[in-house]
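Student: Everything below, folded, please.
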Amino acid sequence: MTKARRILLWARSIAAIATIGLLTLHPRIGHAAPDGVLLSGTVRSASGEKMEGMTVSAKVIGGTVTTSVFTDDHGKYHFPPMQDGKHWVWAQAVAFEAPRVDVNLQRGIQHQDFVMKPKKDYFSQLTGDQLAAALPDDTSAHRRMKDIFLRNCVGCHEANITLQNRFDEQGWDAVIWAMSRIGAAGGFGSAARAVPEFLHYKQELAAYLAEMRGPGRSPMQLKVPPRPSGDSTLPVIYAYDVPVDDGGGYILNNGSDWSLGPSMASGGGQGLHDAQVDFNGNLWVTHADSASVDRTITKVDGKTGEVTKFRYPRRTGPLASNSHGVTIAREDGTIWFTMLSEQKLGTIDPKTNTLEVFTPPAGQAGPFVSCDEDGRGNIWSSTLTGSILFDRKTKEFTNFTALTEAGLFAYGMAGDRDGNGWWTEINVDIIGHSDIETGATHEITVPPNTTTFLKPGDVTPDDFVWYGWEIPGWNPFPSRAPFGEQMPRRLAADHNGDDIWVPDNAAQSLLRINTHTLQLTFYDAPRPNLRPYMAVVDNSHNVWMNLLGSDEFAKFDPEDSQWTLYSWPNRGTSTRGFHVLDRGGVLQVSAAYFNASTVAKAVFRTRQDIEALESANE
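Tutor: Okay, the predicted model is just below:
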């Protein structure tokens, strides 16, 4: 191809972008100006094989934004236009060393090829579900202890975080004692609040973990997983480092270098919970940490990574109100979020950065964990007792009380296209829903979970007692599932259809509920131990989910019941929330890496987008 031809193709691509008014901001093209650097290259094995599905990342040295792409079936990768400057550029895949180079990107076209050398010890590079799958289930004792481990030790994070280090039995005993007192948000409680199940199984768990990840030879059977392929190689993923909270804390590892293992943070490095992309490609991030001084919700500039904090004071004390769920209004792009400590509803107009807070009348249960916009443009939030509806026109709140007391609070929240609210009660396997016309509340009891690798005789009578909730003197906030529980988490409504989609975290499945017939249909997750957590639905009825058990996210196509898995470029992501923006023909999904003080968005390119970049690089 001649130089003139390349210039013509590049000019045409720029003209096409300009016609939709997004010359420098179109998310498929990138964050840099259109005359930025086109970085591309090929990744090969040491034997010369072109390698598909390799993760290639680039980060300005001293910057806060990391951009990652994936190689195609010819081993080629293409970054969107990048800004000038010195970058770290590196390639990664399980069972290979991660070559890292210092590249000084300058305007124009630049190539950087990689040759991958095999890596013998790849334990640290595996995702949580891959390590859980490696735990043996060859004997009754191994199956029982694997089940106890999965119920107790991976409720708030992935198995790769739990299993990253080796300890002897005494060391594992100390780890289990500490974890019995550390909550989901990382806070260290008093000895009186120790989780009884942890203490009850501490001795057995310590011996089991010392066998699996102790000084001696482990019976774990590791396998090199398949790399992304096909459509899974299309996204561009932008990860943004967010400064730790002013109250303290630090990041030990953000998970971007897999050889260092999963991400780890302490104190103010934890707590970023949900991240929603707005119409301009910026992210709005909630902060669930209850000890933040100055952060209720955070804005992250999608182009520069610049962070702007918004603080709403608590009723008492010097701390900021913490937050949890977030959603975007589809018509005007306003951001809505729940405020945990205050049980109020917050909103920000991204055009003005104006924060406004709405307080329910005295006596009403207020917004708590999750929120969602319904098909009529109103905002639903889960509460301690069910759900609450906020009418955006009248500014009035309406409570809907759950028929069955969950013992804790409603968790996930969705508003359907008819204006009804749907919420999950994860501790009793019940899904509540409203009748907006009559004001009545109804509920659906989810059938028991029958999916298990256990065999008859594996479980003792004592296990049945301790997997139940009748434990004297304890009212926990459990994230472990007793026998038969599905644990429905954060559900979604199809605003262009009549379906509610519910990730069943313990059952490893996706539940579909027809809003009119209430028919239930279950779909098994594509692999065990993925632990689906939160669902969102795009404009084409596809269901997207984060996977708390893995460093991946998933798309489920209801038309053909097909799953597609996509990889995050980090390890130990432990994402709690997952959000989508499907607008103007561009799909973006977003999440926060809970243990890394990092937020990320995946922007989906088409094959035509990549072909245009490839032509410009020739």
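Student: Tell me where the stretch 151-300 of the chain has helices.
Tutor: 159-162, 169-179, 196-212 (DSSP state H, counting those that start in this stretch).
Student: What of the chain?
Tutor: For the chain, applying DSSP state H gives helices covering 3-19, 128-134, 140-153, 159-162, 169-179, 196-212, 461-466, 607-617.
Student: Let me have those in TSV, extended by mean neighbour count and distance to residue 502.
Tutor: In short, each C-beta sits where N, CA and C put it, glycine included. Listed next are the helices of the chain as TSV, based on neighbours: other CB atoms under 10 Å; distance: least, CB to CB, whole Å:
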stretch	mean neighbour count	distance to residue 502
helix 3-19	13	39
helix 128-134	24	20
helix 140-153	20	20
helix 159-162	25	23
helix 169-179	16	28
helix 196-212	19	25
helix 461-466	12	26
helix 607-617	17	32
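Student: What residues does residue 206 make contact with?
Tutor: Shown in contact with residue 206 (CB atoms under 8 Å, 6 or more residues apart in numbering): 169, 170, 172, 173, 176.
Student: so who does the residue lying closest to residue 226 once chain neighbours are set aside touch?
Tutor: Ranked by CB to CB, 6 or more residues apart in numbering and with sequence neighbours excluded, the top spatial neighbour of residue 226 is residue 53, at 7.7 Å. Residue 53 sits next to 70, 71, 93, 226, 227, 228, 229, 232, 233 when contact means CB under 8 Å, 6+ apart.
Student: rerun at 10 Å
Tutor: Counting by CB atoms under 10 Å, 6 or more residues apart in numbering, residue 53 makes contact with 43, 70-73, 75, 93, 226-230, 232-233, 567.
Student: same question, residue 285
Tutor: 240, 242, 271-276, 295, 297-300, 307, 309, 323, 326, 337, 577, 590-592, 597-599.
Student: Now with 6 Å, please.
Tutor: Residues in contact with residue 285, defined by CB atoms under 6 Å, 6 or more residues apart in numbering, are 272, 275, 298, 592, 599.
Student: how many neighbours does the second one have?
Tutor: Other residues near residue 275 come to 28 when the count uses other CB atoms under 10 Å.
Student: Numbering from 23 from now on, please.
Tutor: Fine by me, first position is 23 from now on; the one you just mentioned is residue 297.
Student: Would you mind measuring the gap between the ends of stretch 455-468?
Tutor: 13 Å (CA to CA, to the nearest Å).
Student: Buried residues, that stretch. List them.
Tutor: Buried residues in stretch 455-468, counting neighbours by 16 or more other CB atoms under 10 Å, are found at 455, 456, 458, 463, 466, 468.
Student: Out of the residues you listed, which is nearest to residue 489?
Tutor: Taking CB to CB as the measure, residue 489 lies nearest residue 468 of those, at 17.3 Å.
Student: Skipping adjacent residues, who's closest to that closest one in space?
Tutor: That would be residue 451: by CB to CB, 6+ apart, it lies 4.4 Å from residue 468.
Student: quick one: pLDDT of the residue most central in space within the chain?
Tutor: In the chain, the residue lying closest to the centroid (CA atoms, centre = their mean) is residue 597, at 2.9 Å. Model confidence at residue 597, given as pLDDT, is 94.
Student: How about residue 92?
Tutor: Reported pLDDT for residue 92: 98.
Student: wait, residue 561 sits on residue 603?
Tutor: No. If you go by CB atoms under 6 Å, residue 561 and residue 603 don't touch, sitting 10.3 Å apart.
Student: Counting neighbours, go ahead and name the busier of these two.
Tutor: A direct count of neighbours by other CB under 10 Å for residue 561 and residue 603 places residue 603 higher, at 23 against 14.
Student: which ones are touching the more buried one?
Tutor: By CB under 6 Å, 6+ apart, the contact set of residue 603 is 299, 610.
Student: wouldn't residue 99 be in contact with residue 90 here?
Tutor: No. Look at residue 99 against residue 90 with CB under 6 Å: they stay out of range, at 9.6 Å.
Student: quick check: domain ranges of the protein?
Tutor: Listed by automatic domain parsing, the domain ranges of the chain are 25-141, 158-241+474-505.
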